[in-house]
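Enquirer: I would like the atomic coordinates for the input below:
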Amino acid sequence: MTATRVKSAAGARTTPASRPGAVVLGGDYVGLGMVRSLGPQGVPLCVVDDEPSISRFSKYVQKAIRIPSIGDLDRTADDLLRVGREQGLEGWVLFPTRDEAVAALARHHEELSRFFRVSSPTWDRFEWAWDKRKTYELASRLGIPSPRTWYPDTVEEVADVDCEPPFVVKPAIKPRFLAATKRKAWRADSRPELERLFAEARSVAEGDPIMVQEFLPGYGERQFAYCALFKSGSALGSMVARRVRQHPMDFGRASTYVETVESPEMEDLARRFLAEIDFYGLVEVEFKEDATTGNYNLLDVNARCWGYHSLGPAAGVDFPYLCYADMLGAEPYPERRARPGVTWMRLLTDAPTAALEIRARRLRLRSYLAELRGRPAEAVISMSDPKPALAELALIPHLAKNRAF
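Expert: Purely as a prediction, here's the structure:
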């Protein structure tokens, strides 16, 4: 068995031992946003990861622990319980940052909940987000628009797809496909290309079902998301965002430039979906606006904290701390809603994305410079906590090879 590696963070803030801390599963920029939400509130922090982590360098982190996998459906729960007992983390709140980690916690939710406070949903709720076949099935039942979708089992059945190109080829369950391709989906501009990409997707997904969808035109100006801490049919905190740029731009693995907006119609669609499954936890519901009909089409439900959640505090809603307080039994209060017009950027990925958009004449250099002058909330760079940004620069080769950033 691979030994667990533990590193205490030098200079970390000390906190009362009686206060439960938080275990952040995944120490990339998403986990770092959680650390910077909880740490200033005096919450003890332990980052658990299976790869090089930038969060371990934050001044707020007391412990950084390396385990073999944070997303193994069978092993992760055992490793977390062992680490929890060794490090005295009983009663601490678990915060997953990746889909596979949420899946691992959902599979063993009851067992883990005897030791930790688990902030993510049980499997009976999570499966509606994990498998897009169930996501779209429920959306159809609720009358929520979504792209026309086909589920061929073989290349021959691809001929039954009765729409015109371009097509979208994507997995019904993301992690294996994402790990192999570093993409969420592929675009096919002809039927021969569709057949080729479908066959390739079947191979890399290792048995996970592959879907074919109609392509909805438009870039970031039509990419939206409803973000919330959802509980008992309503939101304790919420934010609506336009995902202006993403990397890559066609089917973004991650957002790079985001702004908060208002969209009551889209918000209503997302709330109906989440209320129907009695969802609990942090969640991002992705939509794309159809340029022809104006409908918001449901694309994905991410049952975890999303990449740009650190936009929340700047817009008035600190999602990780809100969730932490709720897990500890804080008294109910009126819903906190993010104000519109606030922006967020991950400069490391947005600069090259913007450069490609400027080259393609979809973005003007003057407009991009104006966005920078607007001083968006930054995913990693912080003058008060500088070491994680320096660590990320050192990790660029690893990020480029293993994650495509």
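Enquirer: Helix or strand with the lowest mean pLDDT in the chain?
Expert: Ranked by mean pLDDT, DSSP states H and E, the helix or strand of the chain with the weakest confidence is strand 5-8, at a mean of 43.
Enquirer: show me what contacts the residue minimising distance to the centre of the chain?
Expert: Central residue of the chain (C-alpha atoms, centre = their mean): Trp306, 3.2 Å from the mean position. By C-beta atoms under 8 Å, 6 or more residues apart in numbering, Trp306 lies in contact with Val30, Ala225, Cys227, Ser255, Leu282, Glu284. In short, each C-beta sits where N, CA and C put it, glycine included.
Enquirer: Show the subsequent helix or strand relative to the least confident helix or strand of the chain.
Expert: Using DSSP states H and E, the helix or strand that follows strand 5-8 towards the C-terminus is strand 22-25.
Enquirer: And for whatever helix or strand comes next after that next one, what's in contact with it?
Expert: Counting by DSSP H and E, the next helix or strand C-terminal to strand 22-25 is helix 29-38. Residues from elsewhere that reach helix 29-38 (C-beta under 8 Å, 6+ apart): 22, 24-25, 45, 47, 49, 53-55, 58, 60-61, 95, 97, 305-307, 309-310, 313, 318-321, 324, 346, 379-380, 382, 385, 388, 392.
Enquirer: So the residue nearest to the centre of the chain lies in a strand, does it not?
Expert: No: Trp306 is assigned coil when assessed by DSSP: H, G, I helix; E, B strand; the rest coil, not a strand.
Enquirer: Show the pLDDT at the spatially closest residue to Lys387 that is not a sequence neighbour.
Expert: Take Lys387 and drop its neighbours on the chain: the residue closest to it by C-beta to C-beta, 6 or more residues apart in numbering is Phe57, 3.9 Å away. Predicted confidence (pLDDT) for Phe57: 97.
Enquirer: ditto for the one 5 residues further on
Expert: Confidence at Gln62, expressed as pLDDT, is 96.
Enquirer: Low-confidence ranges, the stretch 301-405 of the chain, go.
Expert: Where the stretch 301-405 of the chain drops to pLDDT under 70, the residues are 402-405.
Enquirer: quick one, helices of it?
Expert: 311-315, 319-327, 347-359, 365-373, 387-394, 396-402 (DSSP state H, counting those that start in this stretch).
Enquirer: Same list (the ones you listed) but as JSON lines, adding mean neighbour count and distance to Leu269.
Expert: What follows is the helices of the stretch 301-405 of the chain, written out as JSON lines (neighbours: other C-beta atoms under 10 Å; distance: least, C-beta to C-beta, whole Å):
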{"stretch": "helix 311-315", "mean neighbour count": "23", "distance to Leu269": "21"}
{"stretch": "helix 319-327", "mean neighbour count": "23", "distance to Leu269": "20"}
{"stretch": "helix 347-359", "mean neighbour count": "18", "distance to Leu269": "28"}
{"stretch": "helix 365-373", "mean neighbour count": "12", "distance to Leu269": "28"}
{"stretch": "helix 387-394", "mean neighbour count": "18", "distance to Leu269": "35"}
{"stretch": "helix 396-402", "mean neighbour count": "12", "distance to Leu269": "34"}
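Enquirer: Quick one: closest of the ones you listed to Arg271.
Expert: With respect to Arg271, and counting by C-beta to C-beta, the nearest of the helices of the stretch 301-405 of the chain is helix 319-327 at 16.1 Å.
Enquirer: name the helices or strands packed onto the closest one?
Expert: Packing partners of helix 319-327 (3 or more C-beta pairs under 8 Å, 6 or more residues apart in numbering; DSSP states H and E): helix 29-38, strand 93-96, strand 223-231, strand 234-247, strand 281-289.
Enquirer: number of nearby residues for the residue lying closest to Leu236 once chain neighbours are set aside?
Expert: Sequence neighbours aside, Leu229 is the residue nearest to Leu236 in space, at 4.6 Å (criterion: C-beta to C-beta, 6+ apart). Other residues near Leu229 number 26, with proximity taken as other C-beta atoms under 10 Å.
Enquirer: hmm, back to that, export the contacts of Trp306 to a markdown table and tack on pLDDT, neighbour count and distance to Gly207?
Expert: Output for the contacts of Trp306, formatted as a markdown table (pLDDT from 0 to 100; neighbours: other C-beta atoms under 10 Å; distance: C-beta to C-beta, whole Å):
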| residue | pLDDT | neighbour count | distance to Gly207 |
| --- | --- | --- | --- |
| Val30 | 97 | 23 | 28 |
| Ala225 | 97 | 25 | 29 |
| Cys227 | 98 | 29 | 32 |
| Ser255 | 92 | 29 | 29 |
| Leu282 | 98 | 28 | 29 |
| Glu284 | 98 | 24 | 27 |
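Enquirer: For Leu363, which non-adjacent residue is spatially closest?
Expert: Glu357 (3.8 Å).
Enquirer: State the distance from Glu200 to Phe215.
Expert: 18 Å (C-beta to C-beta, to the nearest Å).
Enquirer: More neighbours: which of the two?
Expert: Phe215 (19 against 15).
Enquirer: Contacts only, for the nearest residue to the more buried one once chain neighbours are set aside.
Expert: Counting by C-beta to C-beta, 6+ apart, the nearest residue to Phe215 once its immediate chain neighbours are dropped is Pro166, at 4.3 Å. Residues near Pro166 by C-beta under 8 Å, 6+ apart: Arg187, Ala188, Asp189, Phe215.
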